[in-house]
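> Show me the folded form of this:
(one chain, ligands or ions: 3)
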Amino acid sequence: MPNLVYDFAEGNKDMKDLLGGKGANLAEMTNLGLPVPPGFTITTDACRAYLETGAVPAELADEIDHHVDMLQQKMGKKLGQADDPLLVSVRSGAAASMPGMMETVLNVGLNDDSVNGLAHQSGNPRFAWDAYRRLIQMFGKTVLDMDGEVFEQALDAAKEAKGARTDLDLDADDLKALVETFKQAVHDHTGREFPQDPRSQMDLATEAVFRSWNSDRAILYRRQERIAADLGTAVNICSMVFGNLGMDSGTGVAFTRDPSTGQQGVYGDYLQNAQGEDVVAGIRNTVPLADLEQLDKTSYDDLMNIMATLESHYRDLCDIEFTVERGKLWMLQTRVGKRTAAAAFRIATSLVDEGVIDTDEALRRVKGAQLAQLMFPRFDADADKDLITKAIGASPGAASGTVVFTSAAAVEAAEKGEKVILVRRETNPDDLHGMIAAQGILTSRGGKTSHAAVVARGMGKTCVCGAEELDVNVAQGTIKVNGAVIEAGETISIDGTTGEVFRGEVPVVPSPVVQYFEGTLTPDAGDELVASVHRLISHADDVRRLGVRTNADTADDAARARRFGAEGIGLCRTEHMFLGERRESVERLILADNDVDREAALAELEPLQRGDFLELLAAMDGLPVTIRLIDPPLHEFLPSMEDLAVKVAVARERGAESDHDVKLLAAVERLHEQNPMLGLRGVRLGLVVPGLFAMQVRAIASAAAELRGRGKDPRPEIMIPLVGAVQELHLARDEVERVLEEVGADVDIPIGTMIELPRAAVIADQIAEAADFFSFGTNDLTQTTWGFSRDDVEGAFFSRYLEKGIFAVSPFESIDREGVGALVRTGVDRGRSAKPDLKLGVCGEHGGDPDSIQFFHEAGLDYVSCSPFRIPVARLESGRAAL
Ligand code: ADP
Ligand code: MG
Ligand code: MG
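Ligands and ions are numbered 1, 2, ... in the order given. All right, here's what the predicted structure looks like:
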């Protein structure tokens with residue numbers, strides 16, 4: 001049996017899977033010689049064992065005994081020692097950071113006796129009773145599953161009775177009385193006494209931390225952040241240091257750089273005479289970290305030195321929790337800190353300039369998803385705006401929505417498709433649902449390190465916090481601000497970069513990063529973020545092997561994609577060219593019962609198609625344009641069967657039925673399919689409806705010929721959809737080649753196919769004989785591999801599947817590597833085995849998904865194709881994949 005417990009001195013930062021992020025980094029700091037209160041870490045192995053069996057393994061109990069003994073020796077005091085008790089915190093800490101999601105209990109080891117010892121020993125009874133009431137409060141909430149409100153209300157009542165403004169105005173006797181109230185509450189709610197034995201306090205808290213891995217909010221957070229469900233959390237037992245011993249003590253959080261902009265300099269919040277969460281919970285207003293220099297120069301200087309040490313050690317932005325106990329600095333936590341997308345880019349290039357990392361490493365440290373965030377619109381600086389207040393821009397973005405005050409209201413409104421801004425005094429982990437549902441979050445308390453700010457940044461959600469001018473009254477559903485009142489349901493807009501809050505909806509403009517990609521803002525124009533993006537995307541272009549094409553059906557989209565860096569079109573869907581006014585010609589085509597009528601209808605469509613291709617090929621001049629012949633079933637172009645049947649019935653009643661409608665209804669009924677996704681579509685359509693593919697091919701070839709005649713360089717490629725048998729492709733190809741010959745265009749037009757049926761992937765070697773290229777249609781391939789139709793399943797049961805962990809992310813969003821991905825690999829291998837120079841691409845929506853792009857690189861494709869707006873993301877991720 002491997003060790004289940006590690007002393008802080010035994011671990012290091014690379015042991016996150018076993019010790020959790022917090023434990024691994026506490027160990028790293030310990031070994032760097034930084035002042036970390038001694039302690040030990042119970043591993044994630046132990047947690048998993050506990051969660052599997054529901055009981056603490058016997059060998060774990062032994063190891064804990066041993067480590068408690070060692071800790072007691074080191075500290076020279078014992079848990080529960082009546083005259084001078086050793087106190088510890090019991091802290092959760094998973095491998096991936098899940099801020100505020102799981103539980104921590106402080107001051108474990110206090111009881112009715114030792115509280116007096118602590119009072120005597122510290123010479124500060126107020127402090128001792130404060131620590132004890134906190135223990136009961138945290139223990140009640142996290143270990144005994146009591147409602148935190150019970151304690152909050154008792155605390156509020158005590159303050160009110162005393163006329164106290166903050167908890168600091170309560171003295172030792174008040175707190176002693178509060179402890180009695182709390183203990184009574186524990187008894188009332190659980191039928192048991194608050195446990196007095198320090199070791200059982202510790203054990204119960206440890207088990208509660210284990211169990212908190214599976215709390216609702218932790219499960220929700222993991223799903224949101226795509227963290228695996230079975231990792232478990234470590235538990236850190238850390239000897240207590242006290243920030244609540246008086247005004248010469250305090251607690252704080254800090255960043256080695258600004259986590260919202262990436263600017264150099266120290267950022268953080270500090271709160272005197274406080275413990276633990278006080279600083280992030282917004283119970284009292286914190287002071288900026290810089291003020292610590294005046295308050296306690298020695299601790300401040302120590303902290304600055306340590307922060308410099310940590311940054312150069314981790315070679316990245318670190319965030320830090322620290323406590324000052326009577327003028328002595330203690331480090332309680334560090335990790336490579338979360339940051340906004342903008343900060344990620346700026347920090348990465350700054351570190352290159354500082355010589356700390358190279359450009360490859362910088363590219364590894366920014367993500368496609370972050371670049372996508374930087375492309376969201378901003379508020380228009382020139383628009384008329386009604387500024388209500390300006391507070392702290394905690395997580396950038398421009399969000400407008402109606403005001404809601406509770407997470408439940410946010411969720412309810414979002415389900416109806418409404419955009420909302422969640423307004424709270426402060427948020428806590430229970431607000432996660434509401435934060436996910438809202439467009440943005442606005443709080444009246446707390447700074448850049450408050451719960452709202454940290455979680456919003458993690459989610460890429462717009463957040464303004466610390467808007468102290470706002471008097472938020474959740475019960476009444478109002479915000480009072482400078483004499484005005486805003487009520488639930490009114491629209492406001494928040495700017496997470498500037499911290500501004502506006503009444504009403506503010507119009508938005510493209511972000512500077514989009515302006516850069518559009519070519520209207522140059523990288524040297526002075527915008528540092530744009531300069532960073534430019535450097536890193538250029539590097540990605542240098543190193544990437546994957547080509548990046550776009551999915552585009554119109555010349556406008558093609559032109560934009562080209563500005564964004566697309567190297568051609570990977571998928572032009574021609575069915576979009578059969579809509580609008582052209583529907584009538586399609587109807588005539590479908591209703592035709594003889595060659596003459598059919599050809600007449602096709603003849604109407606051909607010049608229109610030709611015009612479309614002329615524009616598209618011109619917009620992508622010199623670059624490949626893969627045009628997919630018509631794919632969807634024809635009835636999609638006809639009116640709905642129900643509507644038409646009603647219309648005909650009503651007309652018949654009045655004796656005024658139209659011949660056309662009757663014929664049309666008959667056609668609709670004839671073409672109706674139980675399961676259109678698997679019906680008469682794709683190549684099947686081309687083989688069954690004479691002249692349809694030929695018309696499209698003629699339009700493509702003649703458009704190309706015309707452009708060629710104008711001295712242009714059109715490069716169309718013809719793609720046959722939904723092939724499952726090589727015979728289908730042979731037949732379609734024969735027809736395409738016949739028409740190309742007829743038109744006699746002096747352009748070499750490759751003919752390829754989509755691989756979007758499992759059968760096609762499996763017999764890809766046969767299909768390759770008749771194809772010049774493959775494009776994996778991973779949307780249909782996902783549908784046909786899983787056997788579910790996207791439109792029917794996503795709303796119906798995907799959320800249940802995600803909850804139950806059947807998949808961590810929808811297979812339509814990110815490719816299912818094991819199943820669909822295996823078919824892609826099969827298609828690649830077998831296709832290339834028959835034709836080594838076969839060109840391979842992907843054109844499903846996965847082509848713009850960062851994780852999927854990594855996979856397509858590994859699978860050996862030549863290019864990905866995605867929507868125009870995702871092109872920069874695909875360029876960046878393709879570069880990262882190649883590192
Ligand atoms: P989280 O993961 O939610 O940050 P932590 O385990 O870090 O939870 O602890 C919660 C708060 O308690 C933090 O502010 C932390 O700094 C503080 N804290 C934890 N352990 C100790 C300790 N041994 N002494 C003093 N403060 C502590
Ligand atoms: Mg912490
Ligand atoms: Mg398809």
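> C-alpha only now, for contacts and for neighbours.
Noted.
> got a list of contacts for stretch 24-34?
Residues from elsewhere that reach stretch 24-34, judged by CA atoms under 8 Å, 6 or more residues apart in numbering: 7-16, 35-36, 306, 331-335.
> Those: which ones sit near ligand 1?
Leu332 (CA under 6 Å from any ligand atom).
> Just the buried subset of the contacts of stretch 24-34, please.
Neighbour counting over the contacts of stretch 24-34 (16 or more other CA atoms under 10 Å) leaves 7-9, 11-13, 15-16, 35-36, 306, 331-335 as the buried ones.
> Going by residue numbers, what spans are strands in the stretch 151-300 of the chain?
Counting by DSSP state E, counting those that start in this stretch, the stretch 151-300 of the chain has strands at residues 233-239, 250-257, 264-272, 287-288.
> Would you reformat the ones you listed as CSV and include mean pLDDT and distance to Met459?
Formatted as CSV, these follow (pLDDT from 0 to 100; distance: least, CA to CA, whole Å):
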stretch, mean pLDDT, distance to Met459
strand 233-239, 97, 21
strand 250-257, 95, 19
strand 264-272, 90, 20
strand 287-288, 92, 25
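> which stretch among those comes nearest ligand 1?
Closest to ligand 1 of the strands of the stretch 151-300 of the chain, according to CA to the nearest ligand atom: strand 233-239, at 4.6 Å.
> That closest one vs ligand 1: in contact?
Yes: against ligand 1, strand 233-239 shows contacts by CA under 6 Å from any ligand atom at Cys238, Ser239.
> How far off centre is that strand?
Centroid displacement of strand 233-239 relative to its chain, using CA atoms, centre = their mean, to the nearest Å, is 28 Å.
> rewinding a little: which stretch among the strands of the stretch 151-300 of the chain is buried most, on average?
Each of these was scored by mean neighbour count; the highest is strand 233-239, a mean of 29, by mean count of other CA atoms under 10 Å.
> Tell me the neighbouring strands of that strand, and mark each as parallel or antiparallel.
Its sheet considered, strand 233-239 pairs with strand 39-42 (antiparallel), strand 88-94 (antiparallel) by DSSP bridges.
> Those: which one's closest to Asp829?
Asp829 sits nearest to strand 88-94 of all the strands paired with strand 233-239, at 39.3 Å, using CA to CA.
> From the contact counts, what lies against the single longest helix found in the chain?
The longest helix of the chain (DSSP state H) is helix 595-619. Helix 595-619 sits against helix 555-563, helix 583-591, helix 692-709, with contacts defined as 3 or more CA pairs under 8 Å, 6 or more residues apart in numbering; DSSP states H and E.
> ok, 10 Å please
For helix 595-619, the elements it packs on are helix 555-563, strand 569-573, helix 583-591, strand 624-628, helix 692-709, strand 715-720, judged by 3 or more CA pairs under 10 Å, 6 or more residues apart in numbering; DSSP states H and E.
> Strand 715-720 and that one, what's the angle between them?
140 degrees (axes from the mean of the first three to the mean of the last three CA atoms, to 10 degrees).
> Name the SS class of the residue of the chain most remote from its centre, please.
In the chain, the greatest distance from the average C-alpha position (CA atoms, centre = their mean) is reached by Gly655, at 59.3 Å. At Gly655, secondary structure determined by DSSP: H, G, I helix; E, B strand; the rest coil is coil.
> That one and His451: what is the separation?
69 Å (CA to CA, to the nearest Å).
> And for Leu634?
53 Å.
> More neighbours: which of the two?
His451 (24 against 21; other CA atoms under 10 Å).
> which residues does that one contact?
Residues counted as contacts of His451 (CA atoms under 10 Å, 6 or more residues apart in numbering) are 99-100, 277, 279-282, 426-429, 431, 457, 465.
> Domain map for this structure?
The chain breaks down by automatic domain parsing into domains covering 5-239, 250-336, 376-509, 544-633+673-882, 640-669.
> Could you export these as a markdown table, including distance to Pro523?
Compiled in a markdown table, the domains of the chain are given as follows (distance: least, CA to CA, whole Å):
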| stretch | distance to Pro523 |
| --- | --- |
| domain 5-239 | 32 |
| domain 250-336 | 18 |
| domain 376-509 | 18 |
| domain 544-633+673-882 | 14 |
| domain 640-669 | 51 |
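> pLDDT score for Asp430?
On pLDDT, Asp430 comes in at 80.
> Val662 too?
88.
> hang on, it packs against Leu644?
Yes: under the criterion of CA atoms under 10 Å, Val662 makes contact with Leu644 at 8.8 Å.
> So for the two, which residues contact both of them?
Counting by CA under 10 Å, 6+ apart, the residues touching both Val662 and Leu644 are Val668.
> Okay, now the unreliable bits of this structure?
1, 282, 458 (pLDDT under 70).
> what residues does it put near ligand 1?
For the chain, the residues in contact with ligand 1 (CA under 6 Å from any ligand atom) are 88-89, 91-92, 99-100, 104, 238-242, 276-277, 321-322, 332.
> So among the residues you listed, which ones count as buried?
88-89, 91-92, 100, 104, 238-242, 276-277, 321-322, 332.
> For ligand 1, what's its nearest residue on the stretch 351-500 of the chain.
Proximity of the stretch 351-500 of the chain to ligand 1 (CA to the nearest ligand atom) peaks at His451, 9.4 Å away.
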